[in-house]
Structure formats: C-alpha cells, structure tokens
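Peer 1: Could you look at this predicted model? Sequence included:
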Amino acid sequence: MSTVRTARTGAAHRLAALVEDALGGPLPVRLRAWDGSETGPADGPVVVVRSRRALRRLLWQP
C-alpha cells in the first residue's frame, strides 16, 4: 500500500496526525482538505473536507 503525502504543512497533514494519534495507527483513508493538501494511502477511499466549517460540524454535530 503506497501513501500519498503532499504539503506536509497543509491542513490534511495536520488533521491526519491528530487522527493517527487518536487511532493509534496509520490513517485508513486518504484525506483531502480545503487547502488542497492531501495525505494517506494512495489506493484508499478519499474523504474530502471542503471547509473548516465542515470539519467543525463533523466534530461537534456528527
């Protein structure tokens, strides 16, 4: 399984680090953030978070 890691300082990379800490392992999906950054397995399903507001809604009102 290959991993795509672009824009290491982008929102996707920071979010992935938080999720990986919470899960205790690697991110099981590819994550694409509102700023165009992307990280996670290249052959996995993609979760697209289009805005900070969408992320906030996922966290507080899932």
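Peer 2: Done, it's in.
Peer 1: Now the residue positioned nearest the centre of the chain: which helix or strand?
Peer 2: Among the residues of the chain, Leu31 comes closest to the average C-alpha position under C-alpha atoms, centre = their mean, at 3.3 Å. Here Leu31 sits within strand 30-32, counting by DSSP states H and E.
Peer 1: How about residues contacting that strand?
Peer 2: Residues from elsewhere that reach strand 30-32, judged by C-beta atoms under 8 Å, 6 or more residues apart in numbering: 4, 12, 15-16, 19, 38-42, 44-49. From N, CA and C alone the C-beta is placed, and that goes for glycine too.
Peer 1: of the residues you listed, closest to Gly25?
Peer 2: Val19 (9.7 Å; C-beta to C-beta).
Peer 1: Below-threshold pLDDT in the protein: ranges please.
Peer 2: Scanning the chain for pLDDT under 70 picks out the ranges 1-7, 62.
Peer 1: For it, which segments count as helices?
Peer 2: Using DSSP state H, the helices of the chain run over 11-23, 52-60.
Peer 1: who touches the shortest one?
Peer 2: Which is helix 52-60. 15, 34, 49.
Peer 1: The second one reaches Val49, doesn't it?
Peer 2: When you say that, I think you mean Trp34. Yes: contact criterion C-beta atoms under 8 Å: Trp34 and Val49 qualify, at 6.2 Å.
Peer 1: what do these two both touch?
Peer 2: In contact with both Trp34 and Val49: Ala11, using C-beta under 8 Å, 6+ apart.
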